[in-house]
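# Pasting a predicted model and its sequence here:
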Amino acid sequence: MKVKVIAPFPIRGLDQEDCLEVSEGSRVRDVLKGSGLNPARLLPVFVNGQQVKKGHILNEGDIIVFLYALSGG
Amino acid sequence: MKKINISGEFCLPLAQHAQLGENTEEVKNIVRGYTGKILLVDLTSRTWEEQAIPDSVYEQYLSGVGLAAYVTYHHMPPGADPLGPENLLGFVTGILTGTGALFGGRWMVTGKSPLTGGWGDANCGGDFGPAIKQCGYDGIFFKGIADEPVYLFADDEKVEIRSAAHLWGIDATETQARLKAEAGSKRRPRVASIGMAGEKLSLISGICNDGGRLAGRSGLGAVMGSKRLKALVLAGSKPIRGVDSAELKRLNKACNAYVPKGDFRFPAWVFPILYRLMAARKTAMRMDGMLGVAAFRKWGTTTINQIGLVTGDTPVKNWSGSRGDYPLRPVNPDSLLSRVPKQYHCLTCPLGCGATGPGADNSSETHRPEYETSSTFGALLLNKDLDSIFTINELLNRAGMDTISAGAIVAFAIECFENGLISEKDTGGLQLTWGNTPAIIALVKQMIAREGFGDLLADGVKVAAAKIGKGAEGYAMHSGGQELPMHDPKQDPGYGVHYIVEPTPGRHTVGSWGTYETLRLWTKVSWAPEAPRSYPVSQRYEADERNGKYAAGCSLAKMVIDGAGLCTFGLLMGVDRFPIFEYLNAVVGWQKTPDEFMEIGRRIQTLRQCFNIREGLLPAEVRLPGRSIGEPPFRSGLHKGRQVAVDELRRMYWQVIGWDKDTGFPLPDTLQALDLPQISTVASQHEG
């Protein structure tokens, strides 16, 4: 299944549409595999607008967004 | 928290809409986003007339700033005194304003700027925008000068010019409260007004609504003051509709899926640490605005208070300092939030970046200072007293004075004082030293009242520097007369380009490289280059065609955003997730492509540029102060050695947009392509 991931650090396997192919039953923490030791991995995460824990089970079409604060105005 | 209706109200299908024709008859219901009418008020004669605007104008200019540029260019005689009767002061809404489209609550004020001498506009939110349209107009324009202070009242049935003599001298917040109470309308009116700064013709004054929101830039509060127009009181109730209600609902629902819901617990101080770690890298990651939406919901623009200091985005000590000169703690977003915890939304905004809380005396409400205000009255002055920032914010909101310009002027004055250009004799005993909070507050009060040394400063740094002389211009941080905002081009050179290419110079809300990345224009616009997911930081400083296209993309998109009446912050999500082009088509019933909308943006931008040239401004003469672009290079700190080739970047921008790369004059071919033949003589007159 495909989920959309928006993160402030590289995610392995992300396509041009920010989509990632994951297996059924995958959790948010599985998306982070291969993203190295970037401290931004500790950031809160939202799935479809709701804050969830890293153990949250994903569904087809979920939009996963990590909390960050943009620089600039 | 205010409930948000994201469904909108639409009833007329396209077939019925088409029968309404070319706006020549009274249109009681606004069925395609725009009304097709403006109200033109002559304050000298106290008369007013409605003018029909043909559909073709909306096709070419949208509404909002585009409509205002069209109307002003054709109604205002060239060379008009900005503070004289001929200047045309416009209050306009965008096509999507009030239709139920998310983020569609903006209004704009326009006219010839007394601060820059060219095109002026300023943008504001709250609930005033739809009120203009609910009275049946896409814009209300004023010319002339009233013989006494007046305010305009309008509702569904009537337009009246009423005496405001009893309100002259009253601050903007109190004025709004009194007018809402005394309007005598069935419907609760919405009010926009000037405060004392506009009345006293301060060239850095703006126009306020909602007791603390300010259309602050371009000095248009002074234009309103010069016309003795204290306020607009609008109590119309005309429904605002669009053509395709089902599509609008679908777009709202799809967009809303991206918006984070609820609160979250996470301390703001973590972000500067993360940024510090990332700043050490030589590779930049493309920014995605979605990442910042949740933070923005919680802390508003103050989210970046500390990040800006860590990255070097925030200027310190009148742009001469560096990170080590100012601590992070005073402007911690959580500290601000704890004082003003009540989140509020502008109309149809799902984010709600505003916040209010009890004022200093606990008897009134005060707004959270924005990032710009926190920085101009914080790091720029080395002022570490957060209480004073709240106090000054409230003073300036009530006076209707732009906090960006006001802070820049105080910084200018301090540097003049520290370097001996002025003394206590000039300042009336004020010790204008860095971080001297009582002196800063006292000076702000003087500027508002136009008393003592404050009178000299109340017209901006350019005017003040000319009066002081002795090389004071070296401390005057402005572009084309307008004080620079709190984003350093040495950190993001895109800001530098927009500070000098925009017809309203010194503007931070149009673009930067970070803005381009978040807009994601490449997902919709054929000529917009895709920003790579990661790239060398050095690429940001290159004066190449790619960066020229980035800047042009931001400018043209901003014209579409302002023509639509949308909040720029909504576009943080990107044009693929917040589908601005599809929204416009759904509401008006157009079938335009994103490229066609961007071409409309180019037309609006070009007409604004032509306005400036007609008014005698030469675009190539607009310069940025050396400090802002690393001339000479800083020897230490975050910006050590960084230089911004802003002139070359500007040439790239002009070339991409179709203006002469050396002069900034729109090329004849460009004018022809944009169907602007009537002003094609402008460039040739100057060339001759």
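Thanks, I have the structure now. Residues are numbered from 1 along each chain as shown, chains lettered A, B, ... in the order given.
# How many residues are close by whichever residue of the stretch 501-650 of chain B sits closest to chain A?
Residue nearest to chain A within the stretch 501-650 of chain B: residue B:514 (4.0 Å; C-beta to the nearest C-beta). Every residue, glycine included, has its C-beta placed from N, CA and C. Residue B:514: 25 surrounding residues under other C-beta atoms under 10 Å in any protein chain shown.
# So it, which state does it fall into?
Secondary structure for residue B:514, judged by DSSP: H, G, I helix; E, B strand; the rest coil, is helix.
# pLDDT score assigned to residue 39?
The chain I'm using is chain A. pLDDT for residue A:39: 65.
# ah, I was thinking of chain B
97.
# Show me what the one helix or strand it maps to pairs with in its sheet, parallel or antiparallel.
When elements are assigned from DSSP states H and E, residue B:39 belongs to strand B:37-42. According to DSSP bridges, strand B:37-42 forms sheet pairs with strand B:47-52 (antiparallel), strand B:139-143 (parallel).
# For my notes, please list those in TSV and give mean pLDDT and mean neighbour count for each entry.
Shown next, in TSV, are these (pLDDT from 0 to 100; neighbours: other C-beta atoms under 10 Å in any protein chain shown):
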stretch	mean pLDDT	mean neighbour count
strand B:47-52	96	14
strand B:139-143	98	24
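# so can I have JSON lines of those strands showing distance to residue B:302?
Output for the strands paired with strand B:37-42, formatted as JSON lines (distance: least, C-beta to C-beta, whole Å):
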{"stretch": "strand B:47-52", "distance to residue B:302": "41"}
{"stretch": "strand B:139-143", "distance to residue B:302": "32"}
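# out of the ones you listed, nearest to residue B:64?
Closest to residue B:64 of the strands paired with strand B:37-42 is strand B:139-143 (C-beta to C-beta; 8.4 Å).
# right, and the helix or strand after that closest one?
Later in the chain than strand B:139-143, the nearest helix or strand by DSSP H and E is strand B:150-154.
# Could you list the buried residues of that following strand?
For strand B:150-154, burial by neighbour count (16 or more other C-beta atoms under 10 Å in any protein chain shown) applies to B:150-154.
# how much space is there between residue B:153 and residue B:44?
Using C-beta to C-beta, to the nearest Å, one gets 18 Å for the distance from residue B:153 to residue B:44.
# Residue B:286 now?
Distance from residue B:286 to residue B:44, by C-beta to C-beta: 54 Å.
# Looking only at neighbour counts, state which of those two leads.
Taking neighbours as other C-beta under 10 Å, residue B:286 and residue B:44 compare with residue B:286 leading, 17 against 12.
# circling back: output the buried residues of strand B:150-154 as TSV; include the columns distance to residue B:409 and pLDDT.
Converted to TSV, these look like this (distance: C-beta to C-beta, whole Å; pLDDT from 0 to 100):
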residue	distance to residue B:409	pLDDT
B:150	30	98
B:151	29	98
B:152	31	98
B:153	35	97
B:154	35	96
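# among these, which are in reach of chain A?
Among these, not one lies near chain A by C-beta under 8 Å from any C-beta of the partner chain.
# Residue B:233 sits in which helix or strand?
Under the criterion of DSSP H and E, residue B:233 resides in strand B:229-234.
# ok, then the element right after that strand?
Next helix or strand after strand B:229-234 toward the C-terminus (DSSP H and E): helix B:245-256.
# Show me which positions of the helix or strand following that following helix end up buried.
Next along the chain after helix B:245-256, taking DSSP H and E as the criterion, comes helix B:270-279. For helix B:270-279, a neighbour-count test (16+ other C-beta under 10 Å) marks B:270-272, B:274-275, B:278-279 as buried.
# between those residues, which is closest to residue B:250?
Of all the buried residues of helix B:270-279, residue B:271 has the smallest distance to residue B:250: 34.8 Å, by C-beta to C-beta.
# do you know how far the closest residue in space to the closest one that isn't next to it in sequence is from residue B:274?
The shortest distance from residue B:271 to any non-neighbouring residue, by C-beta to C-beta, 6 or more residues apart in numbering or on different chains, is to residue A:69 (4.4 Å). With the distance defined as C-beta to C-beta, residue A:69 ends up 8 Å from residue B:274.
# Kind regards, and thank you for your time.
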